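Novice: Sequence first, then the predicted structure:
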Amino acid sequence: MESGSEKKFPLNAKDYKLHEEIGDGVSATVHRALCIPLNEVVAIKVLDLEKCNNDLDGIRREVQTMSLINHPNVLQAHCSFTTGHQLWVVMPYMAGGSCLHIIKSSYQDGFEEPVIATLLRETLKALVYLHAHGHIHRDVKAGNILLDSNGAVKLADFGVSACMFDTGDRQRSRNTFVGTPCWMAPEVMQQLHGYDFKADVWSFGITALELAHGHAPFSKYPPMKVLLMTLQNAPPGLDYERDKRFSKAFKEMVGTCLVKDPKKRPTSEKLLKHPFFKHARPADYLVRTILNGLPPLGERYRTIKSKEADLLMQNKSEYEAHLSQQEYIRGISAWNFNLEDLKNQAALISDDDSSHTEEPDFNRKQCERQDESALSPERASSSATAPSQDDELNDIHDLESSFASFPIKPLQALKGCFDVSEDEDNATTPDWKDANLMNSGQQLLTKASIGSLAHTTKEEDTAAQNTSLPRQVFPEQKKYLSGSVIPESTFSPKRITSDADREFQQRRFPTDRTLSGSLYRPKRDYVEETTEAPHVEHKGRFKVTSADLSPKGSTNSFTPFSGGSSSPSSLNATTASILPSIQSILQQNAMQRDEILRLIKYVEQTSVKQPGSPETSIDELLQTPPATPRERELQSQVMLLQQSFWSLTEELKKQKQKNGQLENQLNALTHRND
Ligand SMILES: Nc1ncnc2c1ncn2[C@@H]1O[C@H](COP(=O)(O)OP(=O)(O)OP(=O)(O)O)[C@@H](O)[C@H]1O
């Protein structure tokens, strides 16, 4: 393949003289080189084809695509050819190196804002171009933003590395993992409905944080943890306190990119019009501010590598952290989805560790976002919507949408367990108790997580949509256990709100709120809830924000009791009229508490490894090396499901406590009014 440039770059290895290494990727190393006939310095990316699963034609196609791209901010290959078992991609030499290497060498705490604005604007221009031509970059990160000696910024690695190490045809791989976990958009992780250009916008937002802080959010964690944190936590962002040095425009720009719902992210074109990019400067500004004074690229690269090696030798834990880090840098495109490795990596990081780096940001960020809600047009428009009546009623929805990011919606499974049918009498009859509970519970973890969930195909979804919401717990569970999932259509789509929506609703109504009353009653006889400011909590091995778990749009039915100026007579009248409701709620709470206790017990029982138990067979299954990419995907999904079960168990315990508290309050109120 040759580029459209005027010069003819030779297609023979002997015409190039390889010099020092200036970078490395998954299975590639990059060298400075001389093109002898043209007497031109170039960079050559050397890919070892023996380490790739892909076929040569696929690679050739991708490199060809790369050559057709023609934009000042996209690094275009001069040519590529194979030599022995290697593929050489000849590119312009970018003497400034990548932003990642510049950061590592001299800006460990990140760049100043004008530098970031300049780098990001140029990168964004590249994305606008790629998107307009139907390409998704899929690996936007500081390591792929390169600078030449004049301060020109180019986005690199388009279409090569990701395709090289995908075990499949990249053309059809919009439903496969590609990218690097820290930079990866939630919808890419989910692998549910595929993804589009907006995935690049998310990665762009993460890259902005990387340039600002010197590292990407969650960069110290192993891949599985990054996945969970990205899916479960509030999106990362610039922090109000820690990031005081940055402008509101910058914070807001990052915020618009890092919205979990891709539909709510701006297109790259729209983003380019954001006021933040007005701070961008010309290329020579980058030369003056960050490039001048840097050692030559090869030397810089060597120093970085030897520093890393020293660090590794000195400190085992640092070494382990570095290994984790390398996993991110390598990217999920090269991710060996070996669950044992992942477990080992995850085990290196204690839960306590999690609390001291990124997480505090979340609390602060929530506050910040409350303060700044007016800044983001997208977020503001979400927030402008007052909670509707509908929003107040359906707990299940909020819980479900908080886990919507899981490939296999665990809440759908648990909904069946919790749903108290309108006919409470039925729900309390002994028929559906212990035996069914254990029976269905065990199956839930086996068939559900491996069989039906792994094969949640469109047909099954459709079939599931034809079933109605279970009125009772266990009969319906049997349905689920036999392979179907509880239908999504059971829940009104308009009630499924995005994280952004939820964030905004909570911002606007940040009163105390407790999830209580009829937890899983889907109907409007839902009576009471209080509110609680969003916060981040440990949920077993990872953290969950209450923002993601609380219902939204609260209407407090007990306003008369919360004090105020009611006269004694009106208070009495109100009391008389609502006492029956209180009593009914108390009853419901008691029943719910029992339900929750039972469920916790069952989850705990099914979580304990017992020889011959279904749990054991899941583990065995997980430990069997995956034979196909699909198996690998399924294994990861099973693991995510298990994680979500742990998380839900924690959440159930919490709800149980809250219910107890509420019950006490109600008892106190009832006695007072008696
Ligand atoms: N044309 C170039 N000029 C100068 N340095 C380059 C050039 N291309 C790549 N590099 C350096 O080599 C490093 C590795 O390049 P490569 O394209 O393999 O990166 P990567 O994105 O990390 O790979 P992967 O995504 O496959 O892990 C880059 O981060 C950059 O520092």
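Specialist: Arrived safely, thanks for sending. Numbers count the residues shown, from 1 in each chain.

Novice: Give the residue spans of this structure that score low on pLDDT.
Specialist: Per-residue confidence for the chain (pLDDT under 70) gives these ranges: 1-5, 26-27, 51-67, 158-180, 191, 315-596, 599-630, 632-633, 635-640, 642-644.

Novice: so what are the domain limits for it?
Specialist: The chain resolves into domains spanning 13-92, 97-294 when parsed by the TED database.

Novice: Endpoint to endpoint, the shortest one covers what distance?
Specialist: Okay, so that is domain 13-92. Its start and end residues considered, domain 13-92 measures 16 Å (C-alpha to C-alpha, to the nearest Å).

Novice: and that domain with the ligand, contact?
Specialist: Yes - using C-beta under 6 Å from any ligand atom, domain 13-92 reaches the ligand at I22, G23, D24, G25, V26, A28, V30, A43, K45, L75, M91, P92. For glycine as for every other residue, the C-beta is placed from the backbone atoms N, C-alpha and C.

Novice: Likewise for stretch 123-139?
Specialist: Yes - looking at stretch 123-139 against the ligand by C-beta under 6 Å from any ligand atom, the contacts come from D139.

Novice: most packed of the domains of the chain?
Specialist: domain 97-294 (a mean of 21; mean count of other C-beta atoms under 10 Å).

Novice: Following element in sequence after the host helix or strand of L227, please.
Specialist: Following DSSP states H and E, one finds L227 within helix 223-232. Of the helices and strands lying after helix 223-232 in sequence (DSSP H and E), the nearest is helix 248-257.

Novice: re earlier: I'd like the domains of the chain laid out as a markdown table, including distance to R598.
Specialist: A markdown table is the format used below for the domains of the chain (distance: least, C-beta to C-beta, whole Å):
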| stretch | distance to R598 |
| --- | --- |
| domain 13-92 | 47 |
| domain 97-294 | 25 |
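
Novice: In this structure M91 contacts V42, no?
Specialist: Yes - using C-beta atoms under 8 Å, M91 is in contact with V42, at 6.4 Å.

Novice: Give the residues shared as contacts by these two.
Specialist: Residues touching both M91 and V42 by C-beta atoms under 8 Å, 6 or more residues apart in numbering: H78.

Novice: residues from the protein in reach of the ligand?
Specialist: By the criterion of C-beta under 6 Å from any ligand atom, the positions of the chain lying close to the ligand are 22-26, 28, 30, 43, 45, 75, 91-94, 97-98, 100-101, 139, 143-144, 146, 156-157, 161, 330-331.

Novice: Among the residues of domain 13-92 next to the ligand, name the ones in helices.
Specialist: Secondary structure of the residues of domain 13-92 next to the ligand is defined by DSSP state H; no position falls in helices.

Novice: Can you name the two of these that sit furthest apart?
Specialist: With C-beta to C-beta as the measure, no two of these lie farther apart than V26 and P92, at 21.4 Å.

Novice: And the strand or helix carrying N664, what does it pack against?
Specialist: For N664, the element it lies in under DSSP H and E is helix 629-673. Helices and strands touching helix 629-673, by 3 or more C-beta pairs under 8 Å, 6 or more residues apart in numbering; DSSP states H and E, are helix 223-232, helix 339-348, helix 410-418, strand 536-539, strand 542-545, helix 568-607, helix 614-623.

Novice: now could you export just the CA positions of the first one as PDB?
Specialist: Presented in PDB, the C-alpha positions along helix 223-232 are these (Å, rounded to 0.1, in the frame of the first residue of the first chain):
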ATOM      1  CA  PRO A 223      -9.100  -4.200  33.700                       C
ATOM      2  CA  MET A 224     -12.000  -5.900  35.300                       C
ATOM      3  CA  LYS A 225     -12.100  -3.300  38.000                       C
ATOM      4  CA  VAL A 226     -12.000  -0.600  35.400                       C
ATOM      5  CA  LEU A 227     -14.900  -2.100  33.700                       C
ATOM      6  CA  LEU A 228     -17.000  -2.400  36.800                       C
ATOM      7  CA  MET A 229     -16.100   1.100  38.000                       C
ATOM      8  CA  THR A 230     -16.900   2.600  34.600                       C
ATOM      9  CA  LEU A 231     -20.200   0.800  34.400                       C
ATOM     10  CA  GLN A 232     -21.300   1.400  38.000                       C
END
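
Novice: Now do that helix: which elements does it pack against?
Specialist: Taking 3+ C-beta pairs under 8 Å, 6+ apart as contact, the helices and strands that helix 223-232 lies on are helix 186-190, helix 316-330, helix 339-348, strand 542-545, helix 629-673.

Novice: show me the contacts for L119.
Specialist: C99, F111, I145, V153, L211, L286.

Novice: Would you mind stating the distance between it and the ligand?
Specialist: As defined by C-beta to the nearest ligand atom, to the nearest Å, L119 lies at a distance of 14 Å from the ligand.

Novice: and if you look at V115?
Specialist: 17 Å.

Novice: State the phi and psi torsions of the closest residue to F197 other than its chain neighbours.
Specialist: Excluding the flanking residues, the one nearest F197 by C-beta to C-beta, 6 or more residues apart in numbering is H131, at 4.4 Å. Geometry field for H131 lists phi and psi as phi -60, psi -40, criterion degrees, to the nearest 10.

Novice: The closest residue to E187 other than its chain neighbours and the ligand: what is the separation?
Specialist: Of all residues beyond its chain neighbours, the one nearest E187 is Y195 (4.6 Å), with distances taken as C-beta to C-beta, 6+ apart. For Y195, the distance to the ligand equals 18 Å [C-beta to the nearest ligand atom].
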